[in-house]
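Visitor: Here is a sequence together with a model predicted from it:
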Amino acid sequence: PRMPSLRRCVMIGDHQQLRPTINSHELRVYKNLDVSCFERLVRLGMPRSVLSTQNRMREDCLVPLVQHYPSVISNMPVIKSIGAVPWLAFSLFWWVCEERGIRQNASWYNEEQGERAVQLAKFLVDQGSISKTCITVLVPYTSQLFYVRMLLRRHGNVEVNVSTIDQYQGIFYPYR
């Protein structure tokens with residue numbers, strides 16, 4: 001053993017979370033470096049436990065989470081304290097964009113998605129009852145992040161959080 005005094009190692013992570021971003025095709029395909037440490041450990045049969053209780057999302061926002069964690073339950077005393085915005089019909093917005101994305105270097109952006117997200121963020125800010133710091137636009141790609149930030153500046157410097165999904169992992173912004 002490399003560390004004879006080490007008796008136990010506890011690692012906290014999730015084998016079902018996003019895989020690492022590897023820009024090198026060779027390292028990704030031939031060396032399998034796009035597989036996370038936790039995914040490798042699960043494949044090797046290491047003992048694990050999976051998320052069973054969540055404390056961050058209202059019940060009406062759980063659709064994406066339940067796809068990966070079907071048995072997750074909510075900590076209702078905590079979740080009930082996160083009130084709904086009374087004038088907002090939905091807490092989570094989904095839409096289908098017909099426009100194809102545009103490839104930029106190793107990334108992508110979609111003008112239609114960017115415009116819709118910025119219009120929604122601007123609408124929420126204009127209502128005045130939600131702090132700008134409590135609004136986050138999540139995007140899948142770095143090019144989409146830069147595109148949305150450019151649109152926000154063009155729309156009068158709407159100051160909301162914009163983050164890629166990778167960057168957002170583990171961040172908690174207050175609600176309201």
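Guide: Nice, I can see it.
Visitor: buried sites along stretch 40-51?
Guide: residue 42 (16 or more other Cβ atoms under 10 Å). Backbone N, C-alpha and C define where each C-beta goes, glycine included.
Visitor: Contacts for it next, please.
Guide: 11, 14-16, 69, 72 (Cβ atoms under 8 Å, 6 or more residues apart in numbering).
Visitor: Among those residues, which are located in strands?
Guide: Judged by DSSP state E, strands contain none of the contacts of stretch 40-51.
Visitor: Could I get the pLDDT score of residue 175?
Guide: Looking at residue 175, its pLDDT stands at 56.
Visitor: same for the lengthiest helix in the chain, what does it pack against?
Guide: Scanning the chain for the longest helix, with DSSP state H as the assignment, gives helix 111-127. The contact analysis (3 or more Cβ pairs under 8 Å, 6 or more residues apart in numbering; DSSP states H and E) places helix 111-127 against strand 136-139, helix 142-154.
Visitor: switch the cut-off to 6 Å
Guide: helix 142-154 (3 or more Cβ pairs under 6 Å, 6 or more residues apart in numbering; DSSP states H and E).
Visitor: Put the alpha carbons of stretch 29-38 into CSV.
Guide: C-alpha atoms of stretch 29-38 as CSV (Å, rounded to 0.1, in the frame of the first residue of the first chain):
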residue,chain,number,x,y,z
VAL,A,29,-11.7,7.8,-27.3
TYR,A,30,-8.5,5.8,-26.8
LYS,A,31,-7.7,6.5,-23.1
ASN,A,32,-11.4,6.7,-21.9
LEU,A,33,-10.6,9.9,-19.9
ASP,A,34,-14.2,11.1,-20.4
VAL,A,35,-15.3,8.5,-17.7
SER,A,36,-15.5,10.0,-14.2
CYS,A,37,-13.6,8.5,-11.3
PHE,A,38,-16.9,7.6,-9.6
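Visitor: Pull out the buried residues from it.
Guide: Quick answer for stretch 29-38 (16+ other Cβ under 10 Å): 36, 38.
Visitor: Report pLDDT for the closest residue in space to residue 129 that isn't next to it in sequence.
Guide: Excluding its sequence neighbours, the residue lying closest to residue 129 (Cβ to Cβ, 6 or more residues apart in numbering) is residue 85, at 7.1 Å. Looking at residue 85, its pLDDT is 76.
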